[in-house]
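Visitor: Sequence below, structure please.
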Amino acid sequence: MREQLNNIKLEAEKKLNEAGSLAELESIRLQYLGKKGELTAVLRGMGQLTPEERPLTGQLANEIRSFIESMLEEKTKILQEKDRQARLGKETIDVTMPGRRRFLGKKHPLSIVLDEIKEVFIGLGYEIAEGPEVELDYYNFEALNIPAGHPARDTQDTFFINGDILLRSQTSPVQIRVMEKKKPPIKIICPGRVYRSDAVDATHSPIFHQVEGLVVDRGVTMGDLTGTLQLFARRLFGENTRIRLRPHHFQFTEPSAEVDVSCWACGGKGCRICKDAGWIEILGAGMVHPNVLKYGGIDPKEYSGFAFGLGVERVAMCKFNIDDMRLLYENDMRFLRQF
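Guide: I've put the predicted structure just below:
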């Protein structure tokens, strides 16, 4: 058996020296050291030896195993280095080739306008409030003084999920939710997505963005609303901007007004942007209706408030002279890189 072990050592040594790949090394390892390998088979037959021969033979077998394992490790390192050098030769990098240009991202025009609006009102002490986009009929209509069957509901083309749940058609429900939880004074803006079943064209989309504003406190007047909107318009469109309020009707405010700003391109003289009117409509506003305050849990005899709402897309289109709302949603990089 000792002679057999020595022969295994000589054969393994020869094969390891001649091996030219890692795959050959693995084959040699299995041939001699695997579960069914030659050295393993010899060790299993040691039970047939005499007690005197067994220790000497076992020691020799362990020495040969260590010898083969050591050669395998050394040869593996040599072949791995050889493979690495071969790969480096094939995968040479030409450092003179120009690299691929990586474009830095930019803010979307809607994000630019929304951030500017937030900055103006945060500077005036307003807080940002948010609410769910999947809303209850109560908050979207009932609590805003628009009861079931009221014709004002017909103009909103609402997406109903069932009889009581819908996709909010305005961000005004956030105002009710805030009034229910917070006592005056209240100064908030509510930015977010809203949904209406409108056909897609140059000025309409079933998904768009609004910013609602709400102020509730003792002694709030229409004069406070006018002053706030005048300051907002100047910050957003330029210091020479003027505003104009036209009587209107909103179910949740009384009195109500449509708010125009003087055209920032012509200063009110009339041009292509304002369609020669000198004014551009950007938002609706008014004093919060007493019924809306009641729904919010606030006593209208003690408190008053004003509210306003504007479409972010409309402001962006006016500010950047965009003539088709669809451009804001198509992710065309040629268009977006302009901002």
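Visitor: Now do the strands in this protein.
Guide: For the chain, applying DSSP state E gives strands covering 127-128, 134-136, 159-160, 165-167, 186-195, 207-217, 243-250, 253-262, 279-288, 304-311.
Visitor: Quick check: which of those is nearest to residue 39?
Guide: Judged by Cβ to Cβ, the one of the strands of the chain that comes nearest to residue 39 is strand 134-136, at 71.4 Å. For glycine as for every other residue, the C-beta is placed from the backbone atoms N, C-alpha and C.
Visitor: Make sure residue 214 is actually in contact with residue 186.
Guide: Yes - Residue 214 lies in contact with residue 186 (Cβ atoms under 8 Å); the separation is 6.2 Å.
Visitor: Which neighbours do these two have in common?
Guide: Here residue 214 and residue 186 share the contacting residues 178, 179, 305, scored by Cβ atoms under 8 Å, 6 or more residues apart in numbering.
Visitor: ok, now how distant is the first one from residue 131?
Guide: Yep, that's residue 178 we're talking about. From residue 178 across to residue 131, the span is 8 Å (Cβ to Cβ, to the nearest Å).
Visitor: between these two, what contacts are shared?
Guide: What both residue 178 and residue 131 touch, as defined by Cβ under 8 Å, 6+ apart, is the set residue 190.
Visitor: So if I had to pick from residue 214 and residue 186, which one is more boxed in?
Guide: Using other Cβ atoms under 10 Å, the more surrounded residue of residue 214 and residue 186 is residue 214, with 25 against 21.
Visitor: Run through the bridge partners of the more buried one.
Guide: Beta-bridge partners for residue 214, by DSSP bridges, are residue 188, residue 307.
Visitor: ok now do it, which residues does it touch?
Guide: By Cβ under 8 Å, 6+ apart, the contact list for residue 214 reads 175, 178, 179, 186, 187, 188, 189, 190, 288, 305, 306, 307.
Visitor: and which of those is nearest to residue 115?
Guide: Of all the contacts of residue 214, residue 189 has the smallest distance to residue 115: 12.3 Å, by Cβ to Cβ.
Visitor: pretty sure the closest one contacts residue 128?
Guide: Yes - if you go by Cβ under 8 Å, residue 189 and residue 128 touch, sitting 6.0 Å apart.
Visitor: who touches both of those two?
Guide: In contact with both residue 189 and residue 128: residue 118, using Cβ under 8 Å, 6+ apart.
Visitor: May I ask you to name the longest helix in this structure?
Guide: In the chain, with assignment by DSSP state H, the single longest helix is helix 53-90.
Visitor: Show me what it is packed up against.
Guide: Identification of packing neighbours for helix 53-90 by 3 or more Cβ pairs under 8 Å, 6 or more residues apart in numbering; DSSP states H and E yields helix 2-18, helix 22-33, helix 38-44.
Visitor: thinking again about what came up before, dump the shared contacts of residue 214 and residue 186 into a markdown table; add pLDDT as well.
Guide: Below are the shared contacts of residue 214 and residue 186 laid out as a markdown table (pLDDT from 0 to 100):
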| residue | pLDDT |
| --- | --- |
| 178 | 96 |
| 179 | 96 |
| 305 | 97 |
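Visitor: Buried ones in stretch 267-275, by neighbour count?
Guide: Residues of stretch 267-275 classed as buried: 268, 274 (neighbour count, 16 or more other Cβ atoms under 10 Å).
Visitor: Which residues does it contact?
Guide: Contacts of stretch 267-275 (Cβ under 8 Å, 6+ apart): 240, 242, 262-263, 265-266, 276-280, 318, 321.
Visitor: go with 7 Å
Guide: Contacting residues not belonging to stretch 267-275 are listed as 240, 242, 262, 263, 265, 266, 276, 277, 278, 279, 280, 321 [Cβ atoms under 7 Å, 6 or more residues apart in numbering].
Visitor: any idea of the pLDDT on the nearest residue to the last one once chain neighbours are set aside?
Guide: Spatially, and ignoring its direct neighbours in sequence, residue 321 is nearest to residue 273 (6.2 Å; Cβ to Cβ, 6 or more residues apart in numbering). You'll see residue 273 listed with a pLDDT of 73.
Visitor: where in the stretch 101-250 of the chain is pLDDT low?
Guide: Under the criterion pLDDT under 70, the flagged ranges of the stretch 101-250 of the chain are 152-156.
Visitor: Next up, the contacts around residue 31.
Guide: By Cβ under 7 Å, 6+ apart, the residues touching residue 31 are 37, 38.
Visitor: isn't residue 113 right up against residue 319?
Guide: Yes - the pair formed by residue 113 and residue 319 meets the contact definition of Cβ atoms under 7 Å, at 6.2 Å.
Visitor: the more surrounded of those two?
Guide: Neighbours were tallied for residue 113 and for residue 319 using other Cβ under 10 Å; the higher tally belongs to residue 113 (25 against 16).
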